[in-house]
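>>> Whatever this is, show me its structure:
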Amino acid sequence: MKIAFSGKGGVGKSAIAALLSLAYMEKGYRVLAIDADPSPHLARLLEIRDEIIPLADMKELLAERAEKMGPYYTLNPKIEDLPEKFMKTKEQINLMVLGAIREAGAGCACPEQTVLRRLMGYLILKTQDVVIVDMEAGVEHFGRGTVVPMDVILVITKPYRGSIETSKQILKLAEELKLKKVFIVGNGIRNSQEEELLKKEFGDKIIAMLPEDKDLEKREIEGKGLWDYRGELFKKVAELRDRLLELKN
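Numbering: from 1, shown residues only. So this is what the prediction gives:
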C-alpha cells in the first residue's frame, strides 16, 4: 500500500502521517516514510534523533547527480545509491527526508527537482514495504504528477473555509489525473457541527473523522514526538489503517 498525504498547510498532515506509520508498524508492517515537504517534520515526530539534512538542501549533490552544466542537465540522474547513504531506520520504520526545492521568487529548480522526483519514484516503486509520503502543502505537486504512483491519497482537511477550498482543489486535480482512491480525512473535529460541515461539503469522499486531541497539542508545545503516543487520536488513526487495509483487499 502506497499512501500520500496532502492538504493545506497547518492541517496536521505530518502528524497524521507519522501516526499512520506507527499504526502500521504496530500491526507488524515495515514502513517506508518519505518526507517530501519543504519544511520536514517526520524525523522529529518519529523521534529519530540523528542530524538529518533534507536532500533538497544538498544543492551540490543534486547538481552533480543532475550533471548540470549551464542550461543542460540529464533527465536520467543516478539515484540508486542515495537511499543507502541517507535513509534513517528506527525499528520497522525507514525514513527518507527529501524536502522540496524552493528558490526565492521562483518555482522549482528543474535539474535538482528532477533528481528528487526520480528518487521518490524509485523509492516508491522499488520497496515492498508500506509507503507513506508526506507531500508539500497545497496543490503544486498535483500539477507535476508526483502523486500518480500512489495507491491512495489522503487529503487532510480541517473544518474551516481555507482548508475546505484547498481540499476541493485537490479533489478536482485528482479527478483530472484520473486518480480513483482519493479521500478526505477530517482532522481536529471538535463537535458534531464541524463533522456535519465536512459531511455536507465532501459526502462519501470522507474516509475518517479524527477528533481534536489536547494531549497531542500538549506534546507539541512541550517539544515531544509521537513515538510512544497512544492516545485517542492514535486509536482513530489505527481505525483508518484498518479501513485502508480493507481497501487493499
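
>>> use CA for all of it now, contacts and neighbours both
Fine.

>>> which SSE is G162 in?
helix 161-176 (DSSP states H and E).

>>> Relative to the helix or strand that that helix is followed by, what are the paired strands and their orientations?
Toward the C-terminal end, the helix or strand that comes next after helix 161-176 (DSSP H and E) is strand 182-189. Strand 182-189 sits in its sheet next to strand 152-157 (parallel), strand 206-211 (parallel), going by DSSP bridges.

>>> which residues are in contact with strand 182-189?
Strand 182-189 has contacts (Cα atoms under 8 Å, 6 or more residues apart in numbering) with 11-12, 152-159, 167, 171, 174, 195, 198, 202, 205-213.

>>> pLDDT wise, what is T74 at?
The pLDDT attached to T74 in the predicted structure is 62.

>>> same question, A104
Taking A104 on its own, its pLDDT is 40.

>>> So which residues make contact with the one helix or strand R241 maps to?
Following DSSP H and E, one finds R241 within helix 232-248. Helix 232-248 is contacted from outside by 1, 16, 19-20, 23-24, 207-208, 210-213, using Cα under 8 Å, 6+ apart.

>>> now D35, which residues is it bridged with?
Legend: beta-bridge partners of D35 under DSSP bridges are V97, D134.

>>> ok, it - contacts?
For D35, counting by Cα under 8 Å, 6+ apart, the contacting residues are 41-42, 95-99, 133-135.

>>> can you tell me which two in those residues are farthest apart?
The most widely separated members of the contacts of D35, counting by Cα to Cα, are L95 and M135 (13.9 Å).

>>> ok, those two, which is more surrounded?
The residue with more neighbours, out of L95 and M135, is M135; 26 against 23, by other Cα atoms under 10 Å.

>>> Give me the helix or strand of the chain that scores worst on average pLDDT.
helix 140-143 (a mean of 61; mean pLDDT, DSSP states H and E).

>>> coming back round to it: kindly write the PyMOL command that selects the buried subset of the contacts of strand 182-189.
Buried residues among the contacts of strand 182-189 (16 or more other Cα atoms under 10 Å), as a PyMOL selection:
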select buried, resi 11+12+152+153+154+155+156+157+158+159+167+171+174+195+198+202+205+206+207+208+209+210+211+213
